[in-house]
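Asks: Fold the following and give me the result.
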Amino acid sequence: MRPAMKRGISETRDATASPHFKKLPREFFNQPAVDLSKALLGKVLARKLPNGEVLRGTIVETEAYPGTSLSNHRKRSARNAAMFMEPGTAYVYFTYGMYHCFNISAQEEGGACLLRAVEPLQDYASMRELRDRPAKKKKTETGSGKKSKKPWKLYELANGPGKLCLAFDIDRGSCDKQDLVTSDLMWLENSDNESFQPGNFEVEESKRVGIDSSPPESRNQLWRFLIVDNLAVSTAKPHQRISETAGADEVRCVISGFELQNQAVLFC
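Replies: Here you go, the predicted structure:
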C-alpha cells in the first residue's frame, strides 16, 4: 500500500460532466456490510437535484452495521424496509426530529452501511444553500445583536451524517428505498481521481460512534472506516467515545429494532 497522501479538497477535480462516470453495478453492493463499507471509500456519491443539477462528492468515511451483529434485535417494518431490499438500496431515516442519515443496504439481510462523511468534488453554490437551511438554524449573535456566520469551509459541507444529507438534499421522502443501481435521483460512481484509487490511500479502522448501549462484542468491533489525513472526515475522532464528545450537536437516533437504536450521531 502506498503512503497516505495528505491532501486538501482543492486537489479534487470537477467531474460533474464527465462521460466516464458510470453507475456502480449491483455486484459492487452485493457484499457483506463490513466489506462494502470499506469498498465505499473513494467512491463518488451523485445526487440529482430537482432543477437537474448533479452534486458529486467522494465518500471518505463509513460505518458498517452487519445483519448478524450481536446488538441487532430488529424485525422488518415499514420504516426500515429498505435494509431488507436488494443490495444497493438507500435507507434514509429521520432522527431527533431534525436530521436525516443515509445508509446503503448490503448483502446480508438487514445489513447496512452508514455514510458518515463526503468530500465535495467542487464548491457547489447550491450545496452551500442547502447546507445553510437546517431544520433548526443556530443563531450566533454579535455584540450589536446581528447574526454573524462564517462561510462554511469546503470540507465542512458534508463532514458528518446529518451534514451530508443536508448538503446533498437527501431526505426520507424523496430518497428512502431508491435503488442506487437504477435510480436517476442518486447513484454511486467510480472516481477518476488518482488519489482515490484502491491502494492509493490509507484506511483507518476504529470503533463506531455512539453505540455504547450495544453489547461489548458489538461496540468493540472496528467497523468505522475513514481515509487517513482527509480533511472532510467527521470531527468525531476515532477511538473517542460518544460520552467524551457529546454536546449540543448530539443527535439521538431512534430506529425501532435496528442496531442504530440509541446511537448518537454527531451532526458536527
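Asks: CA only for contacts and neighbour counts going forward, please
Replies: Will do.
Asks: Could you list the low-pLDDT ranges of this protein?
Replies: For the chain, applying pLDDT under 70 flags the ranges 1-20, 68-74, 134-148, 236-268.
Asks: So which residues of it form strands?
Replies: 44-48, 54-65, 90-95, 99-105, 112-120, 186-189, 203-206, 224-227, 250-252, 264-266 (DSSP state E).
Asks: most packed of the ones you listed?
Replies: Ranked by mean neighbour count, these are led by strand 112-120 with a mean of 29 (mean count of other CA atoms under 10 Å).
Asks: Which elements pack onto that strand?
Replies: On a contact count with 3 or more CA pairs under 8 Å, 6 or more residues apart in numbering; DSSP states H and E, strand 112-120 meets helix 33-40, strand 54-65, strand 99-105, helix 161-167.
Asks: in the sheet, who's paired with T58?
Replies: Counting by DSSP bridges, T58 forms beta bridges with V44, E119.
Asks: pretty sure it contacts L40?
Replies: No - counting by CA atoms under 8 Å, L40 is not a contact partner of T58; they are 9.1 Å apart.
Asks: Could you report the separation of D212 from N220?
Replies: Separation of D212 from N220 (CA to CA, to the nearest Å) stands at 9 Å.
Asks: that older thread, now distance to N80 too, for the strands of the chain, in a markdown table please.
Replies: Listed next are the strands of the chain as a markdown table, based on distance: least, CA to CA, whole Å:
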| stretch | distance to N80 |
| --- | --- |
| strand 44-48 | 22 |
| strand 54-65 | 13 |
| strand 90-95 | 7 |
| strand 99-105 | 10 |
| strand 112-120 | 11 |
| strand 186-189 | 19 |
| strand 203-206 | 26 |
| strand 224-227 | 21 |
| strand 250-252 | 17 |
| strand 264-266 | 18 |
